[in-house]
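> Structure for this input, please:
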Amino acid sequence: FESMRGFSLEQLQKNGVGLVTKKGAVLSGCAGSGKTTVSECMTMALEKGLPGYTIHYAAPRGKAAGRLGGGVRRPVRTLHALLGIGVGDSSGYLELPHSHVAAEPMSVFIFDEMAMANINLLYEVISRLDDTAIVYFLGDVKQLKPIGKGIPFRDLMNFMPTVELGVSKRAAEGSGINYNCDLINSQSRPGAVTPLRATNDFDLIPASDAQIVSTIKSAVTAEIAAFGADAVQVVTPFATPKREWSSFNLNRELHDVFNSKEALLTVRGYDTFTTFRVDDRVIHVTSNRWGFKRYIRVDENTFEEVPSLGVANGEVGFIRGYIPSVSATLIPLEIERESGVTPREDEESIREGLYFILVEYYDVDLETEVFIFYHAEEKDISVSEFSGKEFRYGDLENLELAYALTTHKMQGSQSPVAVFPLGSRDGT
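Model (predicted):
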């Protein structure tokens, strides 16, 4: 492996690869630790050392699965697709059928980003595995605590064979991001603090609390000019509208900076409204919708159903437009689905006044972009104060702009450029 990659693994990384001699183990590593490199080397060792075994890769969500797939250079599925587990809220775990793949003999499972798993999710994973399964849990114990009960990844490290990687010397020397993240991880407690280091890939921009929003707008504008809008992500500690640099407020402040197209549609809530534009980056929030069908686009108004189903809380996609439901031609799936989840029959909802809002997501299992229809009814009004068509909430209550996201929602994700505000109040 070292000869193929052209560099030598550090000792801790070699220890991590050595976990393949165990039938179950935990590998923890932060950014720059080489966890992805170690998992790639583990894969090579397992394929050579266990001929006849099938290696399955999975992660809780599509974002993390896509990143692991790029590292191990093998197909990686979501826990939803591999094991029939709903991820994203506690109400989704038991409503899906158990997959048969976990009962196959001679199977190895490598699960990444498991530090985001709460105790309920970990139980659902383990309960689906055959007694003969070989299992490796990968993650970063220094991440934020999972939403829900327990910190099971940390607990697993107390009694399973475990290797915790630190930031590698090669990574720290080559990246200010890795160097500074290591400082933050190791010094996020009272005491002497080593100042962060400004480097060619890690800028430090001083600003008072009152200047944070305007400073972010300036920084984002410059980064978009250099790298493009899709490459830039704002990450913030807060979601509440009460904070000036929360995701709620920053998405509205930055909307014109990221996407200056004319308004496509507006959704009016009880005391707020949200305007969306074509190609807006959005995130599915509130709850999982496992029954939502997925489609590939055949032509402007024709869509063909695909086998995968649903959208999870936290998935990020793009609004591509809308069509009147009566104009849509839907080609049904010709194979029978597994029992367990009842798909929502979009064709049965077609009627005058109902629209399909087209949101494009990347399907990590099909390795292609797919569309999900969000149903919305046009508001019955003669004059609107908003530009673009105005809709009642309907399914659209599950969509928010995603140019600024909270740290929790960004776990398991990556972005070429991240802009992160830290104020002087509230312990940030």
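> so where is the stretch 101-250 of the chain shaky, pLDDT-wise?
In the predicted model of the stretch 101-250 of the chain, residues 101-103, 167-173, 188-192 satisfy pLDDT under 70.
> Please repeat the previous calculation with a cut-off of 90.
Applying pLDDT under 90 to the stretch 101-250 of the chain flags residues 101-107, 112-113, 116-118, 120-121, 124-132, 141-149, 165-197, 240-243.
> Do you have the strands of it handy? List them.
107-111, 134-139, 162-165, 232-236 (DSSP state E, counting those that start in this stretch).
> can you redo the ones you listed as JSON lines with distance to residue 356 and mean neighbour count?
Glycine gets a C-beta too; all of them are placed from N, C-alpha and C. Supplementary listing: those in JSON lines, determined by distance: least, CB to CB, whole Å; neighbours: other CB atoms under 10 Å:
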{"stretch": "strand 107-111", "distance to residue 356": "35", "mean neighbour count": "21"}
{"stretch": "strand 134-139", "distance to residue 356": "37", "mean neighbour count": "24"}
{"stretch": "strand 162-165", "distance to residue 356": "46", "mean neighbour count": "19"}
{"stretch": "strand 232-236", "distance to residue 356": "28", "mean neighbour count": "24"}
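> measure residue 206 to residue 78 for me?
Noted for residue 206: a distance of 41 Å to residue 78, by CB to CB, to the nearest Å.
> Give me the more crowded residue out of the two.
residue 78 (25 against 6; other CB atoms under 10 Å).
> now that one, which residues is it bridged with?
In this entry, residue 78 is beta-bridged to residue 59, by DSSP bridges.
> wait, it sits on residue 59?
Yes - counting by CB atoms under 8 Å, residue 59 is a contact partner of residue 78 at 6.6 Å.
> In contact with residue 175, which residues?
32, 199, 201, 202 (CB atoms under 8 Å, 6 or more residues apart in numbering).
> do residue 58 as well
65, 76, 77, 78, 79, 81, 82, 83, 109, 110, 111, 112.
> would you list these in TSV and tack on distance to residue 344?
Converted to TSV, the contacts of residue 58 look like this (distance: CB to CB, whole Å):
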residue	distance to residue 344
65	24
76	27
77	23
78	20
79	22
81	18
82	23
83	23
109	31
110	33
111	29
112	30
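> gap between stretch 44-51 and the chain center?
30 Å (CA atoms, centre = their mean, to the nearest Å).
> Just the residues contacting that stretch, thanks.
Stretch 44-51 is contacted from outside by 1, 17, 20, 53, 55, 106, 108, 134, using CB under 8 Å, 6+ apart.
> what do you get if the cut-off is 10 Å, keeping everything else the same?
By CB atoms under 10 Å, 6 or more residues apart in numbering, the list of residues contacting stretch 44-51 from outside reads 1, 4, 17-21, 53, 55, 72, 74, 106, 108, 110, 134, 136.
> Leaving out sequence neighbours, find the closest residue to residue 15.
residue 163 (4.8 Å; CB to CB, 6 or more residues apart in numbering).
> what sits against the one you found?
Residue 163 neighbours (CB under 10 Å, 6+ apart): 12-19, 25-29, 35, 38, 157.
> Out of the residues you listed, which two sit at the greatest distance?
14 and 157 (18.9 Å; CB to CB).
> The two: who's more crowded?
Using other CB under 10 Å as the criterion, residue 14 and residue 157 rank with residue 157 on top: 21 against 14.
> The more buried one is in contact with residue 28, isn't it?
Yes - between residue 157 and residue 28 there is a contact at 6.5 Å, judged by CB atoms under 10 Å.
> For the two, list the residues in contact with both.
115, 137, 139, 141, 163, 164.
> which residues pair with the third one across the strands?
Residue 139 has the following beta-bridge partners by DSSP bridges: residue 28.
> ok, now how distant is it from residue 282?
For residue 139, the distance to residue 282 - CB to CB - is 27 Å.
> Check the last one too.
Between residue 164 and residue 282 the distance, using CB to CB, works out to 36 Å.
> The first one now?
For residue 115, the distance to residue 282 under the criterion CB to CB works out to 26 Å.
> Then the fourth one?
When distance is defined by CB to CB, residue 141 is 31 Å away from residue 282.
> Which one's more surrounded, the two?
Using other CB under 10 Å as the criterion, residue 141 and residue 282 rank with residue 282 on top: 25 against 17.
> Would it be right to say that the more buried one lies in a strand?
Yes - according to DSSP: H, G, I helix; E, B strand; the rest coil, residue 282 belongs to a strand.
> can you pull the pLDDT of it?
pLDDT, residue 282: 96.
> One more: residue 338?
pLDDT, residue 338: 59.
> again with residue 256
95.
> what's the neighbour count on it?
11.
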